[in-house]
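[1] Sequence plus the predicted model coming up.
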Amino acid sequence: MAYNAFENFLAVVDKAAKAVGMDEQDYIAIKYPERELKVSIPVRMDNGSIQVFEGYRVQHSSSRGPCKGGIRYHQDCDINEVKALAAWMSFKCAVVNIPYGGGKGAIKVDPSKLSKSELERLTRRYTASILPIIGPEKDIPAPDVNSNSQIMDWVMDTYSMMKGYTVPGVVTGKDLDVGGSIGRPEATGRGVMIITLQLLKKLGIDPKGVSIAIQGMGNVGSVAARLLYEKGCKIVAVSDVSGGIRNANGLDMQEVLAFIGNKQRFLKDYNADNVEHISNEELLETKCDVLIPAAMENQITKDNANKLQCKYIVEAANGPTTKEADEIIDKRGIILVPDILANAGGVTVSYFEWVQNLQALWWDLDEVNEKLEKIMVKAWNELDDVANKNHLSYRLAAYVVAIQRISRAKKLRGIFP
């Protein structure tokens, strides 16, 4: 049976609620997204032909504020994946206690096969199709897998043209010159670094010399690698779509990041003394202290969970671990910090960008990073408290925090009409 990310989400919700004695009536609304929109997107290609793409926008919950979540461009996405990603966004925002609900969008497309002009036409037509349900007070998209600040600039411009005036707050993750926030591109990776250091601090471990393997060298993984390397951690393995590289004595991350920095080069082409080439599967099974999956969902499964050779996992990707793998990891005594806390730095600084857009005020980098660290550390301490008091894994504790916050908001607001 094919992996269903949304069913995986629901199973963990029920398990977490049961662990603290919650009645299903208290949280039943969380199990159903508020709105699911599917759109067809006709695009005139450069050769004059018309191609139709499938797009989605799912709003999981607006109980705590406007929906918030990225737009993913990927040929394998489907509605269940988008529903799960929207739900995880609701939970992520609740865990770090920012006033958002969760949403997510996607287009079924391999963007590498489109020219820049085709990508722009696709983005603008998709924006026009979802325009009735997005807006700074309703639903605020952001970048996700295979989308970036340029795509957000196009979304913002399309929305603004339809409104007749500039609305920078409709999306976050924009370029600085059109209302983006300083510190936003690094925010998710910085949040992963903050949480990794908090975990090590709780365990009484000096980060200097701690061995770390990172799956995924996109924006999140590469920033986390750089920042942890700067803190003295030993990065022993990293990977991208082409495969990975490993050195048990530690990689020269400055050199590795410089090599892939222009995004035109892949790790399969990187060579240095004592560096071996490995697959993404082998990266996950690398002997290390901390494993950071920073690629796609459904990477750690029942098939490889017993082969992991790490002591701790910090989830930088959304949904990289299945519920079956979670049970194996728990039994093995591997401590896992879940995605809905570990990678919440991105949505937190997206929230800062939105606030700056609404107020027409700009914060400097120190202010952004200080506020991010304050929110992430507070959320970590709250999560650690719930885990200890209820004898729960960090995953279940994070879900408990989120379920309680969202269901309380829903209960206080009541059911309309």
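    Sure, I can see it. Residues are numbered from 1 along each chain as shown.

[2] Mind giving me the packing neighbours of the strand ranked longest in the chain?
    Ranked by number of residues, the top strand in the chain under DSSP state E is strand 50-61. Here strand 50-61 touches strand 35-44, strand 67-73, helix 79-95, strand 101-107, helix 116-130, going by 3 or more Cβ pairs under 8 Å, 6 or more residues apart in numbering; DSSP states H and E. Heads up, the C-betas are built off the backbone N, CA and C, glycines and all.

[3] Could you report the separation of Thr85 from Arg246?
    Small correction: residue 85 is Leu, not Thr. 30 Å (Cβ to Cβ, to the nearest Å).

[4] Tell me which of the two has more neighbours.
    Legend: neighbour count by other Cβ atoms under 10 Å for Leu85 and Arg246, higher for Leu85 (29 against 21).

[5] hang on, the earlier thing: adding distance to Ala325 and mean pLDDT, write the helices and strands packed on strand 50-61 out as JSON lines.
    Output for those, formatted as JSON lines (distance: least, Cβ to Cβ, whole Å; pLDDT from 0 to 100):
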{"stretch": "strand 35-44", "distance to Ala325": "27", "mean pLDDT": "98"}
{"stretch": "strand 67-73", "distance to Ala325": "22", "mean pLDDT": "97"}
{"stretch": "helix 79-95", "distance to Ala325": "15", "mean pLDDT": "96"}
{"stretch": "strand 101-107", "distance to Ala325": "22", "mean pLDDT": "98"}
{"stretch": "helix 116-130", "distance to Ala325": "33", "mean pLDDT": "98"}
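
[6] Let me have those in JSON lines, extended by distance to Ile300.
    Shown next, in JSON lines, are the helices and strands packed on strand 50-61 (distance: least, Cβ to Cβ, whole Å):
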{"stretch": "strand 35-44", "distance to Ile300": "28"}
{"stretch": "strand 67-73", "distance to Ile300": "20"}
{"stretch": "helix 79-95", "distance to Ile300": "16"}
{"stretch": "strand 101-107", "distance to Ile300": "21"}
{"stretch": "helix 116-130", "distance to Ile300": "31"}
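
[7] out of those, nearest to Cys233?
    Of all the helices and strands packed on strand 50-61, the one in closest proximity to Cys233, counting by Cβ to Cβ, is helix 79-95 (24.4 Å).

[8] how much does that closest one deviate in direction from strand 35-44?
    Counting by axes from the mean of the first three to the mean of the last three Cα atoms, to 10 degrees, helix 79-95 lies at 120 degrees to strand 35-44.

[9] Give me the packing partners of helix 79-95, helices and strands only.
    helix 5-19, strand 35-44, strand 50-61, strand 67-73, strand 101-107, helix 339-342, helix 345-359, helix 394-413.
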